[in-house]
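Chemist: Just a sequence and a predicted model for now, questions to come.
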Amino acid sequence: MTKHAPNLGTTIRPTARELRWFAHIDRHGPQSSEFLIELTRDTHRCKDSALRRLQALREAGYLFLPSQQRQIAKADFHPYIYDLTPMGFEHLSYEQPSEQHCRPTGHWWHGLWVASVSSAIEILASRLGHEYVPAERIIAIKDVSVGIPLTKGSVVPDQIFAIKSDDGYLAYALEVDRATEPVRSTAARKSLKRSVGQYREVLGQGLHKQHYGLKCELVVLWVFLRRAREAQWRSCFQGGTTRQKSNVFEADFPRWEQLQAAISEGPVFA
């Protein structure tokens, strides 16, 4: 039976490029215009026309600008962050199944950083001829949650994905640390040291394979916005950090050029 797009009350219909934008936002979370332009640079190179279309899609009701992006100093100097409206999600649903239940949740700024990092990794992987395997496909193997059960409680990665290259598959648990939690805590609360210990249990016992049904190895990718915080993270290890690796951006706002440079030189593509 053929699916017909709903009557959306607008004459503007997303093009193939714009549906790629919608699907990317659905998969990762809110995206800045910079990242969306880079996503489709393989087919469309004009930045000005892309910005005009993003504005048109917003005026037509497919996209909106989350208000949180205006709550920082010099907000006008940063590119707009776009997210899908219910109408945008509905239109996309007629083209493909939604992945939005795998998007980052919780504090908006934290979610934006997670979405930006995973977005940049997918774009760069594609340019290198690698395949980015999203969380949706991973959790569908055994129809499980993103959270990995532990002896006590569970650990929930900010995002889970895999990269398929000529060498095979390698899975990643992404953790974006904005220094909002203590390094150590005697209370029963989340801390940097506690998270490091939880991932040691996952890696040491292969819990990611049991839970997700993965056959490949897992690397925990920690992203820090300050080198001083990365140094605190390193102090949580008595031994090496072989399968817990780090990347540092030294930034207050996710910009494409900075993330592209840091990720290209970091542990995912090194």
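Modeler: Noted; the coordinates are in hand.
Chemist: got any ranges where the stretch 1-150 of the chain has weak pLDDT?
Modeler: 1-9 (pLDDT under 70).
Chemist: So which residues of it form strands?
Modeler: Taking DSSP state E, counting those that start in this stretch as the criterion, the stretch 1-150 of the chain contains strands spanning 31-32, 63-64, 81-84, 131-133, 148-149.
Chemist: Likewise for the stretch 151-270 of the chain?
Modeler: Counting by DSSP E, counting those that start in this stretch, the strands of the stretch 151-270 of the chain are 154-155, 159-165, 168-177, 218-224, 244-248.
Chemist: what's the first one in contact with?
Modeler: Okay, so that is strand 154-155. 147, 148, 195, 198, 199, 202 (C-beta atoms under 8 Å, 6 or more residues apart in numbering). In short, each C-beta sits where N, CA and C put it, glycine included.
Chemist: what would those look like in TSV with neighbour count and distance to residue 96?
Modeler: TSV is the format used below for those (neighbours: other C-beta atoms under 10 Å; distance: C-beta to C-beta, whole Å):
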residue	neighbour count	distance to residue 96
147	14	25
148	22	27
195	20	33
198	21	34
199	24	32
202	25	31
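Chemist: which one of those sits closest to residue 210?
Modeler: residue 148 (8.7 Å; C-beta to C-beta).
Chemist: In the sheet, which residues pair with that closest one? Tell me.
Modeler: Using DSSP bridges, the beta-bridge partners of residue 148 come out as residue 155.
Chemist: how close does it sit to residue 253?
Modeler: The spacing between residue 148 and residue 253, counted by C-beta to C-beta, to the nearest Å, is 31 Å.
Chemist: Repeat that for residue 150.
Modeler: 34 Å.
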